[in-house]
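Asks: My questions are about this predicted structure, shown below with the sequence.
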Amino acid sequence: MDQIYDTLIIGGGLSGLSVGHFLKQARPGHSFAILEAASRPGGVIKSHRNGAYLSEQGPHGFLDNCPESQKMLRDLELDRETVTAPLAQHVRYVYLHGRLNLIPQSPGKIIVAPLISWPAKLRVLAELWQKPLADDATVAEWVGRRFGRELLPYADAVFTGTWAGDYQQLLLAAVMPGLRALETEHGSVLRGLIKMMRARKSGRTQAKKPVAMPAMTSFPDGMERLPQRLAEEFTANQFRCDYPVTAIGREDGLWRARSERGDLRAAALVVALPVNAALRLLRAYAATPVEAVPEAFIKNIVTAFSGQTLPPGFGYLAPEAAGRYALGSLFSSNMFAGRAASGQILCETLVGGRRHPERYQDDGDLGRALADIRETLGLRGEPVYAETLRPLAGIPQLEAGANALLAWRGRLTAENPGLFVCGFGWNGIGVNDMIKTAKAVATARLAGDRVDQSAEVKKIYF
Ligand SMILES: Cc1cc2nc3c(=O)[nH]c(=O)nc-3n(C[C@H](O)[C@H](O)[C@H](O)COP(=O)(O)OP(=O)(O)OC[C@H]3O[C@@H](n4cnc5c(N)ncnc54)[C@H](O)[C@@H]3O)c2cc1C
């Protein structure tokens, strides 16, 4: 007789590994297996070392302001290994009007900074009287109508830097559900924020600590250390590589995962996959409202220069209106030690994204990318090292139809107790989003409950 697990987890990227971690932490006797198609853990998290140079094919880091991620680091004793770049010291820029503009790291300071005109500043206040927009408003429509059109390039920069997306297509309600909830519940985002601040001051919510600026976090050998360390925690039975699941089903009150390596059964099933991989599996089990969502691909053109300096800070973003070739650059050697040889700088320039798939495809564009960063960053001459890295997967985009897709997932999991769907794109796209959702899934699984889907108001950092 084959073993019946308490929980099967499909996908051994950060999401699936984190669900396994939190299950193990909360209930060591809980039996589970994480089934991963590839021969390594970590999904899109992949660090790249070439001699003295260390760069990333996937995420470059995550902020240290998420309690669930911080707990996981402590559980794994990874908190002793982290390298950090505090945002308070590592300023960021938006390239606009032919120059780098230093961006204060809070919406309030952005409004008072000399980045936008006085009429535009006053227009922001008119948000208090704007009617809520329809559910299918794009980010650009929503920001333009609620806060005024002068803020659009900055909103574009935020969604370029996070989703590599097109803010004229991403749906606000799907990508910023917390802001959307403030708008619908209070009639205005500003009014909602003011009420939240008052509640915090009067001590009615738990967030009593003064809000400190977070730090960007990684590891001396790059982000891949995180999934590698997570995978070390599991036995060979708990984490199985080269185990692609081809179908899922439910029989005799148990969930079944089908694979050429053998079928496995469990009382609960966590589909911890990016939206499109999840849809491929779920489609045979229940009709899905869309076949697939678009994905944005960004390549990383890594360059090192000798005897030159980068502007101080973290990096810059270029909104579409700036007309640049690259989406922006990360000043990696400013943030973390050991990214380039001594006396050199390392700059990671991102190209492509949802609006420019042809640039992502172009193999011969090093010259264009270099011309771009020479002009924006004032770098001179030829790099001493240059390499183009492509990610293992694209970033799922929540565009037209995404609200119906997310509502469908809610109904599917409500109608199928023991089924959980999380992973890249479902509840955000960041490392912290994945870990936070994984903790919520593990908690709900152990409680025999559903995942709390209440929307969080996230802070925006450029
Ligand atoms: C280029 C890029 C840059 C990014 N930069 C940042 C950043 O700087 N900061 C940040 O916070 N976040 C960033 N992210 C996002 C972050 O990397 C993701 O949130 C996170 O890694 C997603 O983890 P996941 O496990 O949900 O998905 P994935 O990493 O995609 O893992 C899914 C896993 O499931 C496996 N799988 C798929 N189908 C099956 C199947 N049928 N059976 C079994 N296994 C299967 C895959 O092989 C894969 O290993 C970036 C992402 C990309 C792509």
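Replies: Nice, thanks for sending it over.

Asks: What about D372, how many residues nearby?
Replies: Residues contacting D372 under the criterion other Cβ atoms under 10 Å number 21. Bear in mind the C-beta positions are built from the backbone N, C-alpha and C, glycine included.

Asks: I'd like the next helix or strand past the helix or strand containing L23.
Replies: Per DSSP states H and E: L23 is located in helix 14-26. Using DSSP H and E, the next helix or strand after helix 14-26 towards the C-terminus is strand 32-35.

Asks: Tell me the buried residues in the next helix or strand after that next one?
Replies: Next in sequence after strand 32-35, counting helices and strands by DSSP H and E, comes strand 47-50. By 16 or more other Cβ atoms under 10 Å, the buried positions in strand 47-50 come out as S47, H48.

Asks: what about the closest residue to A155 other than its chain neighbours, which helix or strand?
Replies: Closest residue to A155 in three dimensions, ignoring its sequence neighbours and counting by Cβ to Cβ, 6 or more residues apart in numbering: V143, at 4.3 Å. In this structure, V143 sits in helix 139-147 according to DSSP H and E.

Asks: So which elements touch that helix?
Replies: helix 152-163, helix 172-175 (3 or more Cβ pairs under 8 Å, 6 or more residues apart in numbering; DSSP states H and E).

Asks: what does the last one rub up against?
Replies: Outside of helix 172-175, the residues that reach it under the criterion Cβ atoms under 8 Å, 6 or more residues apart in numbering are 133, 135-139, 141-143, 159, 163, 165, 179-180, 398, 402-403, 406, 428.

Asks: Buried ones only from those residues, please, as a PyMOL command.
Replies: The following PyMOL line selects those of the contacts of helix 172-175 that are buried, judged by 16+ other Cβ under 10 Å:
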select buried, resi 133+136+137+138+139+141+142+143+159+163+165+179+180+398+402+403+406+428
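
Asks: What are the buried residues along the helix holding L23?
Replies: So, applying 16+ other Cβ under 10 Å, buried residues of helix 14-26: L14, S15, G16, L17, S18, V19, G20, H21, F22, L23, K24, Q25.

Asks: neighbours around the residue nearest to the fourth one when sequence neighbours are not counted, how many?
Replies: Read that as L17. In this structure, L17 finds its nearest non-sequential neighbour in L230, 4.1 Å apart by Cβ to Cβ, 6+ apart. Other residues near L230 number 25, with proximity taken as other Cβ under 10 Å.

Asks: for P312, same thing?
Replies: 12.

Asks: so it touches Y93, yeah?
Replies: No - the pair P312 / Y93 is not scored as a contact, 9.9 Å apart, by Cβ atoms under 8 Å.

Asks: give me the residue from the stretch 51-200 of the chain nearest the ligand.
Replies: Closest to the ligand within the stretch 51-200 of the chain is P59: 3.1 Å, counting by Cβ to the nearest ligand atom.

Asks: Report the contact partners of that residue.
Replies: P59 sits in contact with V44, I45, M223, G430, V431, where contact means Cβ under 8 Å, 6+ apart.

Asks: Could you dump these into a markdown table with pLDDT, neighbour count and distance to D75 added?
Replies: Output for those, formatted as a markdown table (pLDDT from 0 to 100; neighbours: other Cβ atoms under 10 Å; distance: Cβ to Cβ, whole Å):
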| residue | pLDDT | neighbour count | distance to D75 |
| --- | --- | --- | --- |
| V44 | 98 | 18 | 23 |
| I45 | 98 | 25 | 18 |
| M223 | 98 | 24 | 18 |
| G430 | 96 | 18 | 20 |
| V431 | 98 | 23 | 16 |
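
Asks: would you list those in CSV and tack on distance to the ligand?
Replies: Formatted as CSV, these follow (distance: Cβ to the nearest ligand atom, whole Å):
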residue, distance to the ligand
V44, 4
I45, 5
M223, 8
G430, 3
V431, 3
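
Asks: and of those residues, the nearest to E260?
Replies: Using Cβ to Cβ, V44 comes nearest to E260 of the contacts of P59, at 23.9 Å.

Asks: got a pLDDT number for R359?
Replies: pLDDT recorded at R359 is 98.

Asks: Please see if the helix or strand where it lies touches the ligand.
Replies: Assigned by DSSP H and E, R359 belongs to helix 357-361. No - counting by Cβ under 6 Å from any ligand atom, the ligand has no neighbours in helix 357-361; the shortest distance is 10.6 Å.

Asks: Pull the residues that contact that helix.
Replies: F297, I298, K299, Y325, V351, G352, G353, D365, R390.

Asks: Give the rounded mean pLDDT of the helix holding V143.
Replies: Computed over helix 139-147, the average pLDDT equals 97.

Asks: List the contacts of that helix.
Replies: So helix 139-147 is contacted by 123-124, 127, 130, 133, 137, 151-152, 155-156, 159, 167-168, 170-172, 175-176, 183, 189 (Cβ under 8 Å, 6+ apart).

Asks: among those residues, which ones are buried?
Replies: For the contacts of helix 139-147, buried by 16+ other Cβ under 10 Å: 123-124, 127, 130, 133, 137, 151-152, 155-156, 159, 167-168, 170-172, 175-176, 183, 189.

Asks: one step back: the residue of the stretch 51-200 of the chain closest to the ligand sits in which helix or strand?
Replies: Going by DSSP H and E, P59 is not in any helix or strand.
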